Each structure stands twice: as structure tokens, then as C-alpha cells.
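1. A structural model of the following input is requested.
(chains A and B)
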Amino acid sequence: MAALQQITVDALKRSESQLAVQWHADLEASGATRNLKPEEIRQQVADFLRLLTSTLEKGGSANITTTEWDDVRHFLEKLSSQRALAGQDSQQTASFIFALKGPLFTQLQNAFADQPLLIAEQVLQMSELLDGLGLHTIRTYQKSREAVIKRQQEELLELSTPVVKLWDGVLALPMIGTLDSQRTQVVMESLLQRIVDTGAEIAIIDITGVPTVDTLVAQHLLKTVTAIRLMGADCIISGVRPQIAQTIVHLGLDLQGVVTKANLADALALALRRLGVTLTKAV
Amino acid sequence: MTVRSSGTQPIRIEQDVVLARQTARKLAQECGMRLIDLTKLVTAVSELARNTMVYGGGGDMDWQIVEDGLRVGLRLTFRDEGPGIPDLKLAMTDGWTSGGGLGLGLTGAKRLVDDFELDTSPGAGTRVTICKWT
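-> Below you'll find the predicted structure:
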């Protein structure tokens, strides 16, 4: 593969400041700088050009995975993860690199004005190099976004499992959203732990916030109920709405051994009755 | 019978089952389905989509909003290129499972919808088509 000519590198070095201005203008025009501070962009543009020319001067090969390109790669990794956090999309992040093509090719045109064959070759080389760097930016951006999503999922996992004490000896677990297996595991553990900690006799699982009760959800509920019983406590499932009840019947689920109630208030009333607590209205 | 609109969405990972349910819920609402029928349909979708993912090794869900005279319905096809079902009669028995479930998903789904069609052969994948009318 043909390498970048020294003239190309020189041209790049010579016109660094000019390139920076043009590049910055192109970035602004493409809308890739939205929500970003102008001075920050200017700094990043200048830093990247400096890194790029110094790497090329040192004779960095066309393969950007080699150690000569470490600095450039790290710079881009930092840049894309910062943009991912700032909420920029992948297109805006990638166009940081791709917007350099225009101004750079113009410079090459000037440098090789009298050598049309060479210019095509050099443009191709430069283009491949920038494509590689651009793709690297996207890859890193993707990774940063995935990290953000993963963290949010974990946060959600924690958030969605509050075990609340309704009365002395009565715990309630208001379930919300999808009961996929991983979350149900967390829920089950925290409920069982709280039963041990508080010595509660009755646990109420409220499924008002669960839109779909299918066989997997039912299986998780049945397992939880069995585990609670094994620990010597009782379990009531509340929030069984009419449409859920009918669906359970059609599915053929057997919840006969489980005490269920239509709403949380009824479940609490039942729990209190079992504990021998009577409530009277103050006159 | 005319098809008003249609689409496809992939079922590869666990989150796709949730997305399939959400799509079915949205489409059923568009059809003007009653809450009880909607809940039944979404539950059936949940079962079949999970089967596609767990037993079929992933596949796709095709949806169609169909019109037949005055009635409107939602027709969904779950297809995978998985191992297929060797013994259909056994698979359509309440309480039988080849995995670790309750063995009610497939039969339960059939009871929850109006039309249910299952096309499978060992090694050639599985196609389940269901339809619920408003």
C-alpha cells in the first residue's frame, strides 16, 4: 500500500492553523457543535491537528491500531465518551472527524496542484486514515453509551424494589413494571431478607403496577410465595385487576393455594384481621 | 380480508420480549380493542415471544392490522429457525414443558386468542400465528 508522502505531511503542518479555522467553520455549519462550548471545540480541533501532524511526522503508518497512534486514539476516546455523556448522538460525534476531510482535501489539492496522479493517491490514503479514526470514535462512543445504559439499568434495579413496612409485622412489596427474571430475583431476595430482619408474619406483594402477568411472572410469584411460607410467614398477593384475573384463568394458572386480593387496602385489612388487630374510628 | 398496516420486529434477547409486548399493546389500542381483550392478547404475545427467544433461539414477530367486514383484528406471527417441535401433541398438553417453565405458555396462549395456528417440523423452525378480533 502506498504511504503518505512527505509533501502531504508538510502541507498539513504548514496549514495547521488554516485547517483549524476551516474545520471549525465546517463543524459549526454541520450542526455538530450543538450544546458544546465554542472554545472547547476550538481547543479540541487544535489539539487533534497537533496530535495528527506529530504522529504523521514520526512516520505513523496507515494502520491506526499501532502504538504510534496511541495518543490520537486516546484523545478520540476521551472526546467521544465526553460527548456521549453530554448527550450528543453518534452522528454528531463522528462528524467531528469526518468534517476534517473537506478542508484537508482542499489543502492537498493546493499542495499537489501539478501532480494529478499523486493527489488521487494521497487523498485516498488520507481518507482511509480519517475513516479509521472516525470509526474508532463511533466505537468508543457506542461503548460509553452502553456503559451509561448499563448504569441506568442497575440504578433501576435498585430503585424498583422497595420493601415497605405497613404495620408491625406486615411488609408490603409494591411491584412496578416488567417482572423479568433478574429483577424478580433481586426483589425476592430483598423481601426475604426484610422478613428475617423485621420478623414480619405477613408479606403483601402488590402487582397493581405490573401490566402483564404471564406464566413466567406467575412462576416467579409462586416461587416467592413458597419461599416466604418456608420461612414461616404468610403471603398475600394484591392488585389482581379483573382483566388480569381473567387472563390467569385462560392461561390455566393454578393460584389456588395463594391468597389474593383485588387491592392493597383489602390485603392490609385481611392481614390486620389475621394479626388480631381491630381498628375503630375515633368518635 | 384486507391488511391495513403491517410490520416486523426482531426477538433476540430478553428485552425484545418486553418490546414485543409494548408493540402489541400499542397496536391493539389502535384497533380499539377492549382492555380485557388487550390484556389477553399482550399476555399471549409475551408467552409466544419468550418461546421464540428461549426455545427457538431468537426470531421475528410480524404484525398485521387486518379488516374483515366490520371487525378489525390484530394478527401476529412469531417465527424462528430453531429446532422445531418434535411432538406437537405433547407440546400442546397443559403442564408439559421441555424447559423449566410451567408448561402453560403455548396452550395458554391458544386459549387467550381467537385464532391460533402452529406450523412446525423438527429442524425447520416454528411459526405460530395468532389473531385477536375486536
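
2. Which residues are in contact with the residue lying closest to B:Gly32 once chain neighbours are set aside?
-> Among residues not flanking B:Gly32 along the chain, B:Thr134 sits closest, at 5.7 Å (C-beta to C-beta, 6 or more residues apart in numbering or on different chains). The way it works is simple: take the backbone N, C-alpha and C, and place the C-beta from them, glycine included. The contact partners of B:Thr134, by C-beta atoms under 8 Å, 6 or more residues apart in numbering or on different chains, come to B:31-34, B:37, B:71-73.

3. 6 Å - rerun?
-> Contact analysis of B:Thr134 by C-beta atoms under 6 Å, 6 or more residues apart in numbering or on different chains lists B:31-33, B:72.

4. now do B:Trp133
-> B:Trp133 sits next to B:71, B:73, B:114 when contact means C-beta under 6 Å, 6+ apart.

5. again, 10 Å this time
-> Neighbour list for B:Trp133: B:31, B:33, B:37, B:66, B:68, B:71-75, B:113-115 [criterion: C-beta atoms under 10 Å, 6 or more residues apart in numbering or on different chains].

6. Which of the residues you listed are buried, as a PyMOL select command?
-> With 16 or more other C-beta atoms under 10 Å in any protein chain shown as the criterion, this PyMOL line picks the buried residues out of the contacts of B:Trp133:
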select buried, chain B and resi 31+33+37+66+72+73+74+75+113
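
7. Go back to the contacts of B:Trp133 and keep what's next to chain A.
-> Within the set of the contacts of B:Trp133, contact with chain A (C-beta under 10 Å from any C-beta of the partner chain) is found for B:37, B:113.

8. Could you work out the most separated pair of the contacts of B:Thr134?
-> B:Met33 and B:Val72 (8.5 Å; C-beta to C-beta).

9. Please tell me how far the residue nearest to B:Gly32 sits from B:Gly105.
-> Distance, B:Thr134 to B:Gly105, by C-beta to C-beta, to the nearest Å: 24 Å.

10. do the same with A:Lys165
-> Distance from A:Lys165 to B:Gly105, by C-beta to C-beta: 36 Å.

11. These two - which one has more neighbours?
-> B:Gly105 (25 against 12; other C-beta atoms under 10 Å in any protein chain shown).

12. ok, the more buried one touching A:Val217?
-> No. Between B:Gly105 and A:Val217 there is no contact under C-beta atoms under 10 Å: 11.5 Å.

13. so what sits against both of these two?
-> B:43, B:46.

14. Quick check: next helix or strand after whichever helix in chain B runs longest?
-> Taking DSSP state H as the criterion, chain B has its longest helix at helix B:35-54. Next helix or strand after helix B:35-54 toward the C-terminus (DSSP states H and E): strand B:59-68.

15. I'd like the next helix or strand past that next one.
-> strand B:71-80.

16. The following helix or strand past that next one and chain A, are they touching?
-> For strand B:71-80, the following helix or strand on the C-terminal side (DSSP H and E) is helix B:88-91. No. Applying C-beta under 10 Å from any C-beta, one finds helix B:88-91 separated from chain A by no less than 14.1 Å.

17. Keep only those of the contacts of B:Thr134 that are in strands.
-> When DSSP state E is applied, these are split such that B:Val72 fall in strands.

18. Now render the contacts of B:Thr134 as CSV, adding pLDDT and distance to A:Gln82.
-> Compiled in CSV, those are given as follows (pLDDT from 0 to 100; distance: C-beta to C-beta, whole Å):
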residue, pLDDT, distance to A:Gln82
B:Cys31, 91, 46
B:Gly32, 91, 47
B:Met33, 92, 46
B:Val72, 92, 50
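
19. all helices of chain A, in order?
-> Secondary structure of chain A, counting by DSSP H: helices at A:6-14, A:16-30, A:38-57, A:70-85, A:90-98, A:101-111, A:116-159, A:181-198, A:215-230, A:242-251, A:264-274.

20. which of those is buried the deepest?
-> helix A:90-98 (a mean of 20; mean count of other C-beta atoms under 10 Å in any protein chain shown).

21. For the stretch 1-150 of chain A, which residue gets nearest to chain B?
-> A:Ile149 (10.5 Å; C-beta to the nearest C-beta).

22. Was I right to think A:Val258 contacts A:Ile236?
-> Yes. Using C-beta under 10 Å, A:Val258 is in contact with A:Ile236, at 8.3 Å.

23. Following the record's annotation, map out the domains of chain A.
-> A:6-157, A:164-274 (automatic domain parsing).

24. The ones you listed: lowest mean pLDDT?
-> Confidence, taken as mean pLDDT, is least for domain A:6-157 of those (a mean of 82).

25. quick one, phi psi at A:Gly252?
-> Recorded main-chain torsions at A:Gly252 are phi 90, psi 20, according to degrees, to the nearest 10.

26. So it sits against A:Thr215, correct?
-> Yes. Contact between A:Gly252 and A:Thr215 holds when scored by C-beta under 10 Å: they sit 8.9 Å apart.

27. which residues do these two both contact?
-> With contacts defined as C-beta under 10 Å, 6+ apart, the residues shared by A:Gly252 and A:Thr215 are B:102-104, B:107-108.

28. Including distance to A:Arg274 and secondary structure, could the residues you listed go into JSON lines?
-> Below are the shared contacts of A:Gly252 and A:Thr215 laid out as JSON lines (distance: C-beta to C-beta, whole Å; DSSP: H, G, I helix; E, B strand; the rest coil):
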{"residue": "B:Leu102", "distance to A:Arg274": "29", "secondary structure": "coil"}
{"residue": "B:Gly103", "distance to A:Arg274": "33", "secondary structure": "coil"}
{"residue": "B:Leu104", "distance to A:Arg274": "31", "secondary structure": "coil"}
{"residue": "B:Thr107", "distance to A:Arg274": "36", "secondary structure": "helix"}
{"residue": "B:Gly108", "distance to A:Arg274": "32", "secondary structure": "helix"}
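
29. Scan the residues you listed and report the most crowded one.
-> B:Gly108 (25 neighbours).

30. Could I get the contacting residues of that residue?
-> A:214-215, A:218, A:247-253, B:40, B:43-44, B:47, B:94, B:102.

31. Could you rerun that using 8 Å?
-> A:214-215, A:250-253, B:43-44, B:47.

32. do A:Phe96 as well
-> A:27, A:32, A:44, A:79, A:83, A:137.

33. if I look at the first one, how far off is A:Thr33?
-> The reference is to A:Leu27. 5 Å.

34. Give me the common contacts of the two.
-> A:Ile41.

35. picking up where we left off before, what's the most distant pair in the shared contacts of A:Gly252 and A:Thr215?
-> Within the shared contacts of A:Gly252 and A:Thr215, two members stand farthest from each other by C-beta to C-beta: B:Leu102 and B:Thr107, at 10.3 Å.

36. Before I go, just wanted to say thanks for your time.
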